[in-house]
Structure formats: structure tokens, C-alpha cells
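Asker: With the sequence up front, the predicted model follows.
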Amino acid sequence: MNITIYHNPDCGTSRNTLALIRNTGVEPEIIEYLKHPPSLATLTTLISDAGITVRDAIRQKGTPYVELGLDATHLTDVQLLDAMLVHPILINRPFVVTPNGTRLCRPSELVLDILPLPQKAAFTKEDGEAVINAEGQRVK
């Protein structure tokens with residue numbers, strides 16, 4: 001089962017997403033993108049396959065987004081992507097790639113839409129929000 005997560009272990013959303021993947025019994029390929037940033041081609045593919053815009057893929061909170069002037073509306077996608085490659089902290093996370101698709105999993109439970117296997121047990125996010133019940137079903 002090929003599942004890849006572009007992960008930041010310091011991010012609660014990323015940790016919750018990873019835990020939901022593992023709750024299916026699968027150990028994904030974990031790419032700590034701050035240590036091993038994606039190439040331009042990979043980043044472009046992740047964004048395109050997730051069906052989002054380059055601006056949607058940029059993280060603003062806790063990053064040099066404003067300091068770098070990336071909030072300027074005239075910047076092109078190429079300029080934004082270049083900034084993300086130079087400063088990988090600008091890449092929003094976590095991106096997850098499975099045989100069923102690619103998603104930027106914010107919130108973390110978006111990963112459930114692309115996981116090929118069902119949840120095996122109850123799951124509660126780090127903040128205490130129940131996501132999966134004891135029968136492995138999504139809590140609405």
C-alpha cells in the first residue's frame with residue numbers, strides 16, 4: 001500500500017493525519033519536508049493533484065509570508081512556488097498521496113476521503129475531538 005505524507009512532526013494537524021493513516025494498519029512513507037523539501041516538479045504536482053491553487057498551498061501562520069511580501073496579489077504562481085522552495089516552512093501541510101488521490105489534509109480528517117483501507121479503531125485528535133468511533137466509523 002503506497003501512501004506518502006509530507007509531514008511536519010511539530011504540527012498537530014500533521015500528527016493527527018499521520019495517526020489516522022496508521023489507524024488503517026498502514027505505515028506510510030513519511031517525508032519530513034522541512035528536512036527534505038520537494039522539488040519544484042513534485043510540489044507543482046502535489047498542488048495540482050490536490051485540486052488547489054498555489055496560494056491555497058502556502059502557509060501564512062508562523063512563517064515569513066508577510067515579511068517576504070507574499071501577500072502581494074501581483075505575484076505569479078512561479079514566484080510563490082520559488083519562495084516555497086527557498087523557505088519550505090511556507091508549504092502548507094500535510095499533503096498526503098494515496099492510490100485514491102492527493103489532498104492537503106487541513107483539517108486532518110480530510111485524509112479519510114482518500115484512504116484505501118477503513119479505520120480499525122476509535123480515534124480522537126490531540127485536541128480531544130472524536131473523529132472515529134469504536135466501530136471504525138467517522139463521527140459526524
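Answerer: The structure has been received and is ready for your questions.
Asker: Which residues are in contact with the residue nearest the centre of the chain?
Answerer: Geometric centre of the chain, nearest residue: residue 94, 1.7 Å, by Cα atoms, centre = their mean. For residue 94, the contacting residues are 5, 6, 7, 8, 11, 13, 14, 17, 18, 104, 105, 108, by Cβ atoms under 8 Å, 6 or more residues apart in numbering. Placement of C-beta: from N, CA and C, glycine included.
Asker: same check, this time on residue 30
Answerer: Listed by Cβ under 8 Å, 6+ apart, the contact partners of residue 30 are 4, 5, 7, 18.
Asker: hmm, 6 Å instead?
Answerer: For residue 30, the contacting residues are 5, 7, by Cβ atoms under 6 Å, 6 or more residues apart in numbering.
Asker: Just list whatever residues bridge to it.
Answerer: On the basis of DSSP bridges, residue 30 is bridged to residue 5.
Asker: Show me where the protein has its strands.
Answerer: Ranges of strands in the chain, per DSSP state E, are 4-7, 29-32, 95-98, 101-104, 123-124, 130-132.
Asker: all helices for the chain, in order.
Answerer: With helices called from DSSP state H, the chain shows them at 12-22, 40-50, 77-86.
Asker: In CSV: those helices, plus distance to residue 100.
Answerer: Formatted as CSV, the helices of the chain follow (distance: least, Cβ to Cβ, whole Å):
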stretch, distance to residue 100
helix 12-22, 12
helix 40-50, 11
helix 77-86, 25
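Asker: so which of those gets nearest residue 131?
Answerer: helix 12-22 (7.1 Å; Cβ to Cβ).
Asker: related to what we said a few turns ago, just name the most buried of the helices of the chain.
Answerer: helix 12-22 (a mean of 21; mean count of other Cβ atoms under 10 Å).
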